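Chemist: coordinates for the following, if possible.
(one chain, ligands or ions: 1)
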Amino acid sequence: MIEKVAYIDHSLIMRYYEKIFFSISPVTLAVIIMIVSWIINYNRKRARMVRLINKIPGPPALPLIGNAIEINVEHDEVFSRLTGLRQLFGRKQGLNKGWLFGTPYVMISKPECVEPILSSPKHIDKSDDYTYLQPWLGTGLLTSFGQKWHSRRKILTPAFHFKILEDFMDIFNEQSSVLVKKLEKEIDRDSFNVFPYVTLCTLDIVCETAMGQHVNAQGDKDSEYVKAVYEIGSIILNRQTKFWLHSDTIFRLTSDYHRHQECIKILHGFSYKVIREKRDMIRSERMNNNNNFVSKNNNNNNTKIDQNGNHVDKLYIEDDNFGKKKRLAFLDLLITASDAQKGAHLTDEDIREEVDTFMFEGHDTTSAAVSWSLLLLGGNPKIQERVFHEIDTIMCGDRDRAPTMSELHDMKYLECCIKEALRLYPSVPMIGRHLKEDIKIDNYIVPAGTTALIVTYMLHRRPEIYKNPDRFDPDRFLPENCVGRHPFAYIPFSAGPRNCIGQKFAILEEKAIISAVLRKYRIEAVDRREDLTLMGELILRPKDGLRVKITKRE
Ligand code: HEM
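Modeler: Reported below is the predicted structural model:
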């Protein structure tokens, strides 16, 4: 009797399912099959990813939240936590894993592990952290990817040719001498924070070189534009470090969002205005056809080609009507290059993205680099003395004249100091990449979908590469001491296809600023390096600035 009931139940259930199955339309069935196979496929891939990531050394992770607790510390503690984890796990291997909610991260700080990522043309997509820059920078060179990045990089590369940089020398020197003047009021004071002075100077330089606009940040730090640059930087940073603000919906509910939008309006409004004015100016200059215009396709003597076959013409106007050399900003070069190259036409929005990217990438990075260099020189009087000697020799003891480009080029020891400062305190302390494909690093397969964080700050302090790594020793960068060093052991400007397009510009600018300051002042570091709290923000900055003392050189 019991067996019979069971038999009846079973056949009833079967018939019930058959009925449902045959009553489903073929379309619905296909959709269900697709969804089920997607879920199976997703789970299979996810299981593989988890298996591969978990082979990499790293702290144990909790379900769902991963290692979020480990880095849920005060804002000024985050950087030392991250570098601490890098020290604790996978020291020998040079990489460690971590989970932030569902997302896997690998932190890397060994040249052999960095090379496969940075040298590959496949792994050029930035990590999600760069997304929050997009409302301001759009998808300019820093944040773009794929075909757009390739074509933009091609258009922009000639704008950083040394011939073009030579034209910026006057701007570097003028703004450096404004800085020297501004510092006069600090002479012989017990201490002052040098960071904000340098930042305003580099902001002035980048505004003039990128847009040809004199914003006079050093004279008027309360200008609407200058304030907007600072405010948006700190809002973006705040958003990056607080995971609940990552969601657009939640961010829109905050008061920061309101200010963010106001800043964007000011910044974009300014850039568009300048672009429109420049376009009009170029158009009317062409119409005037004043014979100074040199077309890119002209085969006259003004067309210059570098050793790579790139056209590096001044593109137009060598002299204005008064025989004076006319300054060209990146903006002029972009507009002209965009008009001259077939298929490369850039709209106002395209140009705005690139100019804003230069404004962002080109001022904070350089200002941090200069400020750290000054602090390190201030803490090492013998090295500073060597720099004085080099500058005085090259400038023939003339401390009132600004150097030429070739004189700056000859300041080799100063360059070693700048490089050593960037080794110890790289302005960009971490480089993030979203891996779109699996990659073999050392003996590990790092699966697609992982975020790779290259921790330059730690890479530059590996004791087996840099003996006594925390010591400031510019001699490490004398040519004879670089022989045999791994090419990916020193990457303050990143490396490979997506390296910093502005690195020559930056080194030249740094030399101009530092040599101007050292022609007039002797620096003494007041802050001790070991007492500083480092913040790995958009750039590496000291929490409470860098305090130095200056005295006038006899
Ligand atoms: C000491 C100063 C500087 C340092 C240390 C520095 C460092 C870097 C680094 C590490 C990257 C790679 C970022 C990444 O892959 O996520 C980068 C990219 C970039 N930098 Fe710089 N930079 C400096 C100055 C400048 C200047 C002065 C400019 C422009 C005027 C500039 C423009 C750019 C641009 C446009 C990119 C994106 C390149 C691309 O993705 O193709 N940088 N920089």
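
Chemist: what's downstream of the helix or strand of the chain with the lowest mean pLDDT, the next helix or strand?
Modeler: Every helix and strand of the chain was ranked by mean pLDDT, DSSP states H and E. The lowest is helix 2-23, at a mean of 70. Proceeding C-terminally, helix 2-23 gives way to helix 26-53 as the next helix or strand, assigned by DSSP states H and E.

Chemist: so where's the stretch 151-300 of the chain uncertain?
Modeler: Residues of the stretch 151-300 of the chain that meet the criterion pLDDT under 70 lie in 289-300.

Chemist: elements contacting the host helix or strand of residue 377?
Modeler: Here residue 377 sits within helix 364-378, counting by DSSP H and E. Under the contact criterion of 3 or more CB pairs under 8 Å, 6 or more residues apart in numbering; DSSP states H and E, helix 364-378 touches helix 195-211, helix 381-394, helix 412-424, helix 503-520, strand 521-525, strand 547-552. Every C-beta, even on glycine, is put in place using the N, C-alpha and C of the backbone.

Chemist: partner strands of the fifth one, parallel or antiparallel?
Modeler: The sheet places strand 521-525 alongside strand 547-552 (antiparallel), with pairing taken from DSSP bridges.

Chemist: check which residues of the partner strand are buried.
Modeler: Under the neighbour-count criterion of 16 or more other CB atoms under 10 Å, strand 547-552 has 547, 548, 549, 550 buried.

Chemist: how near is the third one to residue 185?
Modeler: Read that as residue 549. Noted for residue 549: a distance of 13 Å to residue 185, by CB to CB, to the nearest Å.

Chemist: over to the first one?
Modeler: Going from residue 547 to residue 185 by CB to CB gives 16 Å.

Chemist: re the thing from before, so can I have a markdown table of the helices and strands packed on helix 364-378 showing distance to residue 360?
Modeler: Conversion of the helices and strands packed on helix 364-378 to a markdown table gives the following (distance: least, CB to CB, whole Å):
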| stretch | distance to residue 360 |
| --- | --- |
| helix 195-211 | 9 |
| helix 381-394 | 30 |
| helix 412-424 | 19 |
| helix 503-520 | 14 |
| strand 521-525 | 28 |
| strand 547-552 | 26 |
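
Chemist: what angle sits between the one helix or strand residue 355 maps to and helix 503-520?
Modeler: Assessed by DSSP H and E, residue 355 sits inside helix 348-361. Comparing the axes of helix 348-361 and helix 503-520 via axes from the mean of the first three to the mean of the last three CA atoms, to 10 degrees yields an angle of 40 degrees.

Chemist: now helix 348-361: mean pLDDT?
Modeler: Looking at helix 348-361 alone, the average pLDDT works out to 92.

Chemist: got the CA coordinates for that helix in CSV?
Modeler: This file holds the C-alpha atoms of helix 348-361, laid out as CSV (Å, rounded to 0.1, in the frame of the first residue of the first chain):
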residue,chain,number,x,y,z
ASP,A,348,36.6,71.2,-28.4
GLU,A,349,35.6,68.5,-26.0
ASP,A,350,38.5,66.2,-27.0
ILE,A,351,41.0,69.1,-26.6
ARG,A,352,39.5,70.1,-23.3
GLU,A,353,40.0,66.5,-22.0
GLU,A,354,43.7,66.6,-22.9
VAL,A,355,44.3,70.1,-21.6
ASP,A,356,42.6,69.3,-18.3
THR,A,357,44.6,66.1,-18.1
PHE,A,358,47.9,68.1,-18.4
MET,A,359,46.6,70.5,-15.7
PHE,A,360,45.9,67.5,-13.4
GLU,A,361,49.0,65.3,-14.1
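
Chemist: next, see if it gets close to the ligand.
Modeler: Yes: remark: helix 348-361 sits within contact range of the ligand at 357, 358, 361, by CB under 6 Å from any ligand atom.

Chemist: I figured residue 519 hits residue 394, correct?
Modeler: No: under the criterion of CB atoms under 8 Å, residue 519 is not in contact with residue 394, lying 10.8 Å apart.

Chemist: who wins for neighbours among the residues of helix 348-361 next to the ligand?
Modeler: Counting neighbours by other CB atoms under 10 Å, residue 358 leads the residues of helix 348-361 next to the ligand with 27 neighbours.

Chemist: who's in contact with it?
Modeler: The contact partners of residue 358, taken as CB atoms under 8 Å, 6 or more residues apart in numbering, are 206, 209, 210, 330, 502.

Chemist: residues near the second one, how many?
Modeler: This points to residue 209. Residue neighbour count, defined by other CB under 10 Å, stands at 26 for residue 209.

Chemist: so who does it touch?
Modeler: Listed by CB under 8 Å, 6+ apart, the contact set of residue 209 reads 168, 171, 329, 330, 358, 362, 505.

Chemist: any idea how far residue 86 is from it?
Modeler: Taking CB to CB, one finds residue 209 at 36 Å from residue 86.

Chemist: could you do the third one as well?
Modeler: For residue 210, the distance to residue 86 under the criterion CB to CB works out to 35 Å.

Chemist: so residue 368 sits against residue 537, correct?
Modeler: No: the criterion here is CB under 8 Å, and residue 368 misses it with residue 537 at 9.9 Å.

Chemist: more neighbours: these two, which one.
Modeler: Neighbours per residue (other CB under 10 Å) separate residue 368 from residue 537, with residue 368 holding more: 28 against 22.

Chemist: which parts of stretch 486-494 are buried?
Modeler: Residues of stretch 486-494 classed as buried by neighbour count (16+ other CB under 10 Å): 488, 489, 490, 491, 492, 493, 494.

Chemist: typo on my end, stretch 526-535
Modeler: Neighbour-count burial for stretch 526-535, with 16+ other CB under 10 Å as criterion, is recorded at 526, 527, 529, 532, 534, 535.

Chemist: likewise stretch 244-256?
Modeler: Residues of stretch 244-256 classed as buried under the neighbour-count rule (16+ other CB under 10 Å) are 245, 251, 254, 256.

Chemist: tell me who's in contact with the third one.
Modeler: Going back to what we said before, that points to residue 254. Counted by CB under 8 Å, 6+ apart, residue 254 has contacts residue 245.

Chemist: wait, which of the buried residues of stretch 244-256 is closest to the ligand?
Modeler: For the buried residues of stretch 244-256, the closest approach to the ligand (CB to the nearest ligand atom) belongs to residue 245, at 21.0 Å.

Chemist: just to check, that closest one is in contact with residue 236?
Modeler: No: counting by CB under 8 Å, residue 236 is not a contact partner of residue 245; they are 10.2 Å apart.

Chemist: farthest pair within the contacts of residue 209?
Modeler: With CB to CB as the measure, no two of the contacts of residue 209 lie farther apart than 171 and 358, at 13.4 Å.

Chemist: was I right to think residue 133 contacts residue 144?
Modeler: No: shown here, residue 133 and residue 144 do not form a contact pair, counting by CB under 8 Å, at 11.3 Å.

Chemist: sorry, back to before: out of the buried residues of strand 547-552, which comes closest to residue 375?
Modeler: Nearest to residue 375, judged by CB to CB, of those is residue 548 at 6.2 Å.

Chemist: and that closest one, how far is that from the ligand?
Modeler: Shown here: residue 548 relative to the ligand, a distance of 19 Å by CB to the nearest ligand atom, to the nearest Å.

Chemist: list the contacts for that residue?
Modeler: Residues in contact with residue 548, defined by CB under 8 Å, 6+ apart, are 191, 192, 194, 374, 375, 378, 523, 524, 525, 526, 527.
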